[in-house]
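Enquirer: Next comes the sequence, and after it the predicted model I'd like to discuss.
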Amino acid sequence: MGRFRGVDAPEIDLDAYVASLTPSRARHASHARASASRDAVRVARWLENEKVLLLTFRDAATQRRALGRLSMFIEDPEWRGKIADALPSGARGGVANYSGHNARAREVCAFYAAARREGGCWEDEEAVVEALVRCGALRRNEDGAVEVSESAMGRGGWCEYDGEDDDEESVVPETCVIAVCASGDAREVQDALLHEAMHGLWYARENYASWCYEFYRGDALGDEERAIWVDFLRELRYDVSVREVVVNEFQAYMATERVLFGGDSATANKGKKSGGAIVRAGDALAAMQKKFAAAARDAVPDPPRCGQLTVVWE
């Protein structure tokens, strides 16, 4: 589960992708593509999970402009279901500032529709939509609106967010996008990409998402442990009123986190989804991770890997 197939490009494995995001190679690639607007964002397809699309950008700033407001629309406690006027900075930036992003194709459509009603998308957001239309994941209607292509749609179709908790209604295998920004630290990129790949599994595999809901609500965790987890997410500025956000992030962190749980939060990797948060109850989070990892061995017998970096139970 470590290779992507490009829609209009050669296959690339995750090691090669990470190497391409180091500063020297990223600058070279950026200069080579700077004059071609259609290359502002590129789309690749995960070979073993064809519903998972990897978006790559010229640089981290472009990715933030392209995906920051979308992530706020999906996960931010203040902006969920709404279009932000600007990208906040610092602690208020929350999900907009994280190095990794993920979303269903239908969530991209919902964001695009809402943005069109409120003044239009930014140029880099438009580039994402156009790239997804070109690769066939989305289709554009005569009035300019976009929707998920029939071949890319899950059984649940697509809908605009109304602020309600979708919960298990969202557990359908459907097309999604993931993205990780460039960094001078290859390990940092691998770490973030592995986290986002677990989100890809959540969207693309119905049985895995269902299993995660069952684990989270079952006897493996106590009410106090779930409260600790929700407090952790709230501190990272996620909308914890949404059950799917809580459980989807739970599985991704529990599968991949090697720094924040039980470690020294002051030395946490700030490139990944740490947001500079002060991690409390680290030992409790580490204990939850051990229980999750022990159970996930059977639920995910073929987990993603990025070079030598694997999920915590490998």
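Expert: Received, thanks. Residues are numbered from 1 along each chain as shown.
Enquirer: Residue 256 against residue 195, yeah?
Expert: Yes. Counting by C-beta atoms under 8 Å, residue 256 does reach residue 195; the two are 4.7 Å apart. (Glycine included, C-beta is placed from N, CA and C.)
Enquirer: Quick check: phi and psi at the residue positioned nearest the centre of the chain.
Expert: Taking C-alpha atoms, centre = their mean as the criterion, residue 102 is the residue nearest the geometric centre of the chain, at 2.3 Å. Backbone torsions of residue 102, given as degrees, to the nearest 10, read phi -150, psi 150.
Enquirer: tell me the contacts of it?
Expert: Neighbouring residues of residue 102 by C-beta atoms under 8 Å, 6 or more residues apart in numbering: 176, 177, 178, 179, 196, 199, 200, 203.
Enquirer: now swap in residue 196 and tell me
Expert: Residue 196 neighbours (C-beta under 8 Å, 6+ apart): 100, 101, 102, 178, 179, 180, 252.
Enquirer: among the residues you listed, which are in strands?
Expert: By the criterion of DSSP state E, membership of the contacts of residue 196 in strands covers 100, 101, 102, 178, 179, 180.
Enquirer: In space, what's closest to the fifth one - neighbours in sequence excluded?
Expert: In other words, residue 179. residue 55 (4.2 Å; C-beta to C-beta, 6 or more residues apart in numbering).
Enquirer: gap between that neighbour and residue 184?
Expert: In this view, residue 55 and residue 184 are 20 Å apart by C-beta to C-beta, to the nearest Å.
Enquirer: returning to what we had before: looking at the contacts of residue 196, spot the one nearest residue 85.
Expert: Of all the contacts of residue 196, residue 101 has the smallest distance to residue 85: 19.4 Å, by C-beta to C-beta.
Enquirer: all helices of this protein, in order?
Expert: 14-20, 23-33, 60-75, 105-117, 123-134, 186-204, 206-217, 223-235, 243-256, 282-299 (DSSP state H).
Enquirer: of those helices, which approaches residue 307 most closely?
Expert: Among the helices of the chain, helix 14-20 sits nearest to residue 307 (C-beta to C-beta), with 4.7 Å.
Enquirer: Give me the contact list for stretch 68-83.
Expert: In this structure, residues lying in contact with stretch 68-83 by C-beta under 8 Å, 6+ apart are 84, 87, 93-98, 101, 103, 107-108, 110-111, 114-115, 118-119, 122, 125, 128, 161-163, 234, 237-242, 245.
Enquirer: so what are the domain limits for this structure?
Expert: Domain assignment for the chain by automatic domain parsing gives 3-200, 206-310.
Enquirer: is it possible to export these to CSV including mean pLDDT?
Expert: Conversion of the domains of the chain to CSV gives the following (pLDDT from 0 to 100):
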stretch, mean pLDDT
domain 3-200, 78
domain 206-310, 84
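Enquirer: right, and the pair among the contacts of residue 102 with maximum separation?
Expert: Farthest-apart pair in the contacts of residue 102 is 179 and 203; separation 13.7 Å (C-beta to C-beta).
Enquirer: list the buried ones in stretch 76-84?
Expert: 76, 77, 79, 80, 81, 83, 84 (16 or more other C-beta atoms under 10 Å).
Enquirer: what's the spacing between it and its chain's center?
Expert: 17 Å (C-alpha atoms, centre = their mean, to the nearest Å).
Enquirer: end to end, how far does it reach?
Expert: Terminal residues of stretch 76-84 lie 10 Å apart, using C-alpha to C-alpha, to the nearest Å.
Enquirer: pretty sure residue 310 is touching residue 300, no?
Expert: No. Contact between residue 310 and residue 300 fails when scored by C-beta under 8 Å: they sit 11.1 Å apart.
Enquirer: Show me which of the two is the more surrounded one.
Expert: Neighbour tally, residue 310 and residue 300, criterion other C-beta atoms under 10 Å: the higher count belongs to residue 300, 22 against 15.
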